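# Sequence first, predicted coordinates after that:
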Amino acid sequence: EHGLMLNWSSPICVERCPQRGSSVFCPEGLEVTEEELREGARRLLVRTEKQMLAPRKVNLDTKPWMERYCVPAADQPLEIWRRWTASGVVAEALLVLEQLSSLASIPRLLLLATLWTLALSVAYLWCLRQFALFFVHAAMLTSL
């Protein structure tokens, strides 16, 4: 249905990235029905969603990317995005994300971001303490 386009709106979960010739179950159109039941003064709304999953043959090899997505193995995600987008800005952002994937886990990334934030905060407070008096004197001199 989507050809070579990645379907970000309704991704499917697979045990491992499929290879050429294997089959995966892809979602088809979503069918939503709503039924309203009355119980005295109260109303009960029953919403039912049905979606068929149809087996489809995979016509190209895929590989894991960012530990979450399967992308065509022949092309790098950067090249795919360059073909799909008019500018390379999105592709460059994807390249950075792909390089960050070597961190291997989100908890490690969060820990590194927290440590970096704390280090910058301490450096800012140290600079403020060292140079605050200078800036106060400079401000008083310029206000004369």
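All right, it came through fine. Here the structure is a predicted model, which means the values were calculated and not measured.

# Show the pLDDT at residue 84.
Per-residue confidence for residue 84 comes out at a pLDDT of 57.

# and what of residue 120?
The confidence metric pLDDT takes the value 95 at residue 120.

# which element is it on?
Element membership for residue 120 (DSSP states H and E) is helix 106-142.

# Likewise for residue 49?
With the criterion set as DSSP H and E, the secondary-structure element containing residue 49 is strand 42-57.

# Parallel or antiparallel, list what pairs with that strand.
Using DSSP bridges, the neighbouring strands of strand 42-57 in the sheet come out as strand 23-39 (antiparallel).

# what's the distance between the strand it pairs with and the middle of its chain?
Between the mean C-alpha point of strand 23-39 and the mean C-alpha point of its chain there is a distance of 26 Å (Cα atoms, centre = their mean, to the nearest Å).

# buried set for it?
Of the residues in strand 23-39, those buried under the neighbour-count criterion (16 or more other Cβ atoms under 10 Å) are residue 24. (Each C-beta comes from the backbone N, C-alpha and C, glycine too.)

# Provide the contact partners of that strand at residue level.
The set of residues that contact strand 23-39 without belonging to it, under Cβ atoms under 8 Å, 6 or more residues apart in numbering, is 1, 10, 12, 14, 18, 43-58.

# Please produce a ChimeraX select command covering the buried subset of those.
Here is the ChimeraX command that picks out the buried ones among the contacts of strand 23-39, judged by 16+ other Cβ under 10 Å:
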select :18
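
# what's the weakest-modelled helix or strand in the protein?
Each helix and strand of the chain was given a mean pLDDT (mean pLDDT, DSSP states H and E); the minimum falls on helix 77-84 at a mean of 57.
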